[in-house]
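Structure here, sequence nowhere to be found:
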DNA sequence: ACAGTCATGTCAGTAACTGACGTCAGTGAC
DNA sequence: GTCACTGACGTCAGTTACTGACATGACTGT
């Protein structure tokens, strides 16, 4: 199913670029309208003029179509940890990571995040994947903390707490109009008073 | 595939009882030896003289064979929350829940938990399910806290922190020889100092 | 011109589930 | 005692998520 496309340079191009992104968009739209279980991987592929086989070359499984691009979030967290001052405490490193991560979520992305979250909330299998992604994120953050000299179990606990804060704050951000950054610092504060 | 069994009362019985437990044992054994992906649902069923169809009548999916009985853990947590004194803080309620949950893990269960955890650690799909179970647990604990008057986001944060502690402590308990109860209180203490 | 690469298509296969229906011992009402 | 009913299972057919093997054809560098 080849598609000849004329780019703005006038060159003939065999394969339109950005295939995973187009698949992701189509998947989100179909999931949002027909529902996750009701849409087939082949349908998503057809929606962008491709084959089921090609879909699975870009995504390890059907759910992953909704979670493409999360490596950017991971990178933001890691950059935040790395950017924290030399003698920062684990909590301060995590706080820095949260700030860095917040910058990935501009206001324009809110509507998209909302419909995406709606889809996830309606399907247990997708919730499972989301939890898994967050847990994996916590694991790599813990690793980054360890690399900066934080011991165990402090690294795991700090990273996990950071992810907890991120999760709660993100769900608020979808509904509220405040910037994610501010919400996160609030939630982190509340976590500290709860644990006092 | 009917099995006539003579119970200790001498009565003929059409179906041997405890089917899900027997399936679970067989699943764990097969997963531990052949590996999760390498063993088929039909094989597990055959191992206890049943059919694939029957396997899926007892378990929503293949992974669930490893997670059967987790409702008991949930009940322990909930009982712990309920047993906390009247004017307990959220943190104290969670601490009580952790103590109650710890009593579900006697020393005799340790070897079983170990091989089970080995199986999970070797397969991402199973890790995903485990994360999901823990997250669901956190959700019901948060609900219990709310029912006891804890507001939001304190309830979610406290519950989530409790699950974090449980997760870290459980992994330690599998290797160390100390009782889970003691490990949990230690880890909870460390979490508090990290968040100080 | 030509060999190699890269993204895709085609096809066949496996295994996880699901729905519909049949079976048969046990159970209770009458 | 019969008879309708239920509960736990078997059988069978079907769908869909995935995977491996191989083919294709435009692009790329030599």
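Yep, that arrived. The shown structure was predicted, so the numbers you read here are calculated from the model rather than taken from an experiment.

who in chain A is up against chain B?
Taking Cβ under 8 Å from any Cβ of the partner chain as the measure of proximity, chain A contacts chain B at A:90-91, A:124, A:127-129, A:131-132, A:135, A:153-154, A:156-158, A:160-161, A:164-165, A:167-168, A:187, A:190-192, A:194-196. In short, each C-beta sits where N, CA and C put it, glycine included.

Just the ones in helices from these, please.
Using DSSP state H, the subset of those located in helices is A:90-91, A:124, A:127-129, A:131-132, A:135, A:154, A:156-158, A:160-161, A:164-165, A:167-168, A:187, A:190-192, A:194.

Which residue comes closest to residue A:92 once chain neighbours are left out?
Distances taken as Cβ to Cβ, 6 or more residues apart in numbering or on different chains place residue A:84 nearest to residue A:92, at 5.9 Å, with adjacent residues excluded.

State the distance from the closest residue to residue A:52 other than its chain neighbours to residue A:103.
When the adjacent residues along the chain are set aside, residue A:52 lies closest to residue A:42, with 4.0 Å between them (Cβ to Cβ, 6+ apart). The spacing between residue A:42 and residue A:103, counted by Cβ to Cβ, to the nearest Å, is 37 Å.

what does residue A:192 give?
Separation of residue A:192 from residue A:103 (Cβ to Cβ) stands at 23 Å.

Residue A:17 looks like it's in a helix, true?
No. Remark: residue A:17 does not belong to a helix; assigned using DSSP: H, G, I helix; E, B strand; the rest coil, it is coil.

Tell me which residues touch the residue most central in space within chain A, please.
The geometric centre of chain A, computed from its C-alpha atoms, lies nearest to residue A:70 (Cα atoms, centre = their mean), at 3.8 Å. The neighbours of residue A:70, taking Cβ atoms under 8 Å, 6 or more residues apart in numbering or on different chains as the test, are A:133, A:137.

ok, 10 Å please
By Cβ atoms under 10 Å, 6 or more residues apart in numbering or on different chains, the residues touching residue A:70 are A:64, A:130, A:133, A:134, A:136, A:137.

Then residue A:178?
The neighbourhood of residue A:178, defined by Cβ under 10 Å, 6+ apart, consists of A:107, A:169, A:172, A:186.

related to what we said a few turns ago, neighbour count for residue A:192 and residue A:103, which is higher?
Neighbour tally, residue A:192 and residue A:103, criterion other Cβ atoms under 10 Å in any protein chain shown: the higher count belongs to residue A:192, 16 against 13.

Quick one: find the helix or strand in chain A with the lowest mean pLDDT.
For chain A, counting by mean pLDDT, DSSP states H and E, strand A:5-6 ranks last in confidence among helices and strands (a mean of 42).

helix/strand/coil for the residue nearest to residue A:98 when sequence neighbours are not counted?
Take residue A:98 and drop its neighbours on the chain: the residue closest to it by Cβ to Cβ, 6+ apart is residue A:184, 4.8 Å away. The three-state label given to residue A:184 by three-state DSSP is helix.

okay, now residue A:184: neighbour count?
For residue A:184, the number of neighbouring residues by other Cβ under 10 Å comes to 23.

Tell me which residues touch it, please.
Neighbour list for residue A:184: A:95, A:98-99, A:101-102, A:162, A:165-166, A:168-170, A:172-173 [criterion: Cβ under 10 Å, 6+ apart].

What about those, which one has the most neighbours?
If you rank the contacts of residue A:184 by neighbour count (other Cβ under 10 Å), residue A:162 sits at the top with 30 neighbours.

got the phi/psi numbers for the spatially closest residue to that one that is not a sequence neighbour?
If the residues on either side of it in the chain are set aside, residue A:162 comes closest to residue A:94, at 3.9 Å by Cβ to Cβ, 6+ apart. Torsion angles at residue A:94 (phi, psi; degrees, to the nearest 10) stand at phi -70, psi -40.
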